[in-house]
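Colleague: with the input below, show me the fold.
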Amino acid sequence: MPKNSAGRYWTVLLISFGIVLVAICVSLTNGVFDMTVIDVLKTLLRIDPVPDHDLVIFDFRLPRIVVAALVGFGLGVAGAAIQGISRNGLADPGILGINAGAGAAIVIFMFFFEGRIAGSGWLSILAMPLFGWIGGLGAAVLIYFFAWRNGRLDPQRLILVGIAAGSGLGALSLYLSLKMNPQDFEMATVWLTGSIWNANWQYIASMLPWLAILVPIIIRKSYILDLLQLGEDSAKSLGVSTEKEKNVLLLSSIGIVSACVSVSGNIGFVGLIAPHIAKRLVGIHHHRVIPVCGTIGMLLVIVSDFIAKTVFSPIELPVGIVISIIGIPYFVYLLFKTKV
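Modeller: This is a model prediction of the structure:
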């Protein structure tokens, strides 16, 4: 089927979603404590529940899988939007410095509060994600300010400023982390490399509203991303208020990335890889690319997290490292392809 056909789009979407479900099933049943599919189904459907199974499924594995799926979905969608806004196939949410801003805020939190706030309520549980979200948005506002030139948002300037800000904030994070006690330093290092090992239902509740509100906005304005590929002058001639639309799309992407990074740490390359794979599968129209990007991002993070916690057992790698192992060769491939 042609890439632009509706039949191919639905086929790709259903197959990718089916693979995601298989990955979820494998991740639920395998680990240090192996379970059968029947055991998982009985636990989820509350048929003869077993306390040990409840603990493994509802307290450890399922929250981790849901966070991985939501983070992958959000980063994939945001990556497609950012590449569309900048008209740059090598753009990535991490390049904009949002991840570095969230990381710097988390390190500052750990440095001054020693990684915790007294109490057992929602504030103490969500303190670190809240700092990460504020840091991501703060970095985005700073980058947005310097990328604004002559009354318009310059896409190329946006990327250059993002790289510079990311380097500066990364240096700040490294400086503060070296002054921490060993326990907090280890925790900060794991978080900065991207990890969802401490996922819980409160984290899911904190990021879900952002995805539920901002992802539909990007999907609804997907046709604007198509028109922006023609160039701003061409888009304006078609009646598009380019600056307003870019602002809405960029702010929506920033909100999604900040929410994801606040609970998962610095997970890179998902927003870079997913759009390229999606465009190869379903063409260049963003109303089809964006949903496929979301499912591919989900698959990347879920599978990478499963590899991180099982292949190197009893040692567990941060999921960000596994994704980087996959993403760096693909990034080099894209560089050579773009050069050609």
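Colleague: how many residues are close by the closest residue to Leu317 other than its chain neighbours?
Modeller: Using CB to CB, 6 or more residues apart in numbering and skipping the chain neighbours, the partner closest in space to Leu317 is Ala308 (4.3 Å). From N, CA and C alone the C-beta is placed, and that goes for glycine too. Neighbours of Ala308 under the rule other CB atoms under 10 Å: 23.
Colleague: the bottom helix or strand of this protein by mean pLDDT?
Modeller: Of all the helices and strands that make up the chain, strand 152-153 has the lowest average by mean pLDDT, DSSP states H and E, namely a mean of 74.
Colleague: given that one, what are its sheet partners and their directions?
Modeller: Partner strands for strand 152-153, per DSSP bridges, with pairing direction: strand 148-149 (antiparallel).
Colleague: which residues does the partner strand contact?
Modeller: Asp154, Arg157 (CB atoms under 8 Å, 6 or more residues apart in numbering).
Colleague: and it, how far out from the chain's middle?
Modeller: The chain centroid and the centroid of strand 148-149 are separated by 27 Å under CA atoms, centre = their mean, to the nearest Å.
Colleague: pLDDT (mean, whole number) over it?
Modeller: Averaged across strand 148-149, pLDDT comes to 78.
Colleague: may I see the buried residues of stretch 200-213?
Modeller: For stretch 200-213, burial by neighbour count (16 or more other CB atoms under 10 Å) applies to Asn200, Tyr203, Ile204, Ser206, Met207, Trp210, Leu211.
Colleague: and stretch 311-324, by the same measure?
Modeller: Quick answer for stretch 311-324 (16+ other CB under 10 Å): Leu317, Pro318, Val319, Gly320, Ile321, Val322, Ile323, Ser324.
Colleague: Throw the residues you listed into JSON lines and include distance to Leu230, thanks.
Modeller: Compiled in JSON lines, the buried residues of stretch 311-324 are given as follows (distance: CB to CB, whole Å):
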{"residue": "Leu317", "distance to Leu230": "43"}
{"residue": "Pro318", "distance to Leu230": "40"}
{"residue": "Val319", "distance to Leu230": "37"}
{"residue": "Gly320", "distance to Leu230": "35"}
{"residue": "Ile321", "distance to Leu230": "39"}
{"residue": "Val322", "distance to Leu230": "38"}
{"residue": "Ile323", "distance to Leu230": "33"}
{"residue": "Ser324", "distance to Leu230": "34"}
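Colleague: go through those residues and name the one nearest Val56.
Modeller: Val319 (19.2 Å; CB to CB).
Colleague: rewinding a little: can you redo the buried residues of stretch 200-213 as TSV with distance to Ile256, pLDDT and secondary structure?
Modeller: Formatted as TSV, the entries for those read as follows, by distance: CB to CB, whole Å; pLDDT from 0 to 100; DSSP: H, G, I helix; E, B strand; the rest coil:
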residue	distance to Ile256	pLDDT	secondary structure
Asn200	20	85	coil
Tyr203	15	85	helix
Ile204	15	89	helix
Ser206	13	83	helix
Met207	9	86	helix
Trp210	6	87	helix
Leu211	6	91	helix
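Colleague: dump these into a markdown table; add distance to Arg149 as well.
Modeller: Compiled in a markdown table, those are given as follows (distance: CB to CB, whole Å):
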| residue | distance to Arg149 |
| --- | --- |
| Asn200 | 42 |
| Tyr203 | 37 |
| Ile204 | 39 |
| Ser206 | 35 |
| Met207 | 32 |
| Trp210 | 29 |
| Leu211 | 31 |
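Colleague: just to revisit the earlier point, any idea which helix or strand comes after the least confident helix or strand of the chain?
Modeller: Sequence order places helix 155-177 as the next helix or strand after strand 152-153, per DSSP states H and E.
Colleague: now for the helix or strand following that next one, which elements pack on it?
Modeller: From helix 155-177 onward toward the C-terminus, using DSSP H and E, the following helix or strand is helix 182-192. The criterion is 3 or more CB pairs under 8 Å, 6 or more residues apart in numbering; DSSP states H and E, and the helices and strands that helix 182-192 contacts are helix 98-113, helix 155-177.
Colleague: quick one: closest of the ones you listed to Val261.
Modeller: Proximity of the helices and strands packed on helix 182-192 to Val261 was assessed by CB to CB; the nearest stretch is helix 98-113, lying at 4.2 Å.
Colleague: ok and the next helix-or-strand element following that closest one relative to helix 182-192, angle-wise?
Modeller: Helices and strands here follow DSSP H and E; after helix 98-113, the next one along the chain is helix 122-147. Note on geometry: by axes from the mean of the first three to the mean of the last three CA atoms, to 10 degrees, helix 122-147 and helix 182-192 are set 60 degrees apart in direction.
Colleague: quick one: mean pLDDT for stretch 94-105?
Modeller: Throughout stretch 94-105, pLDDT has a mean value of 82.
Colleague: just how off-centre is that stretch within its chain?
Modeller: When distances are taken as CA atoms, centre = their mean, stretch 94-105 is centred 12 Å away from the chain's centroid.
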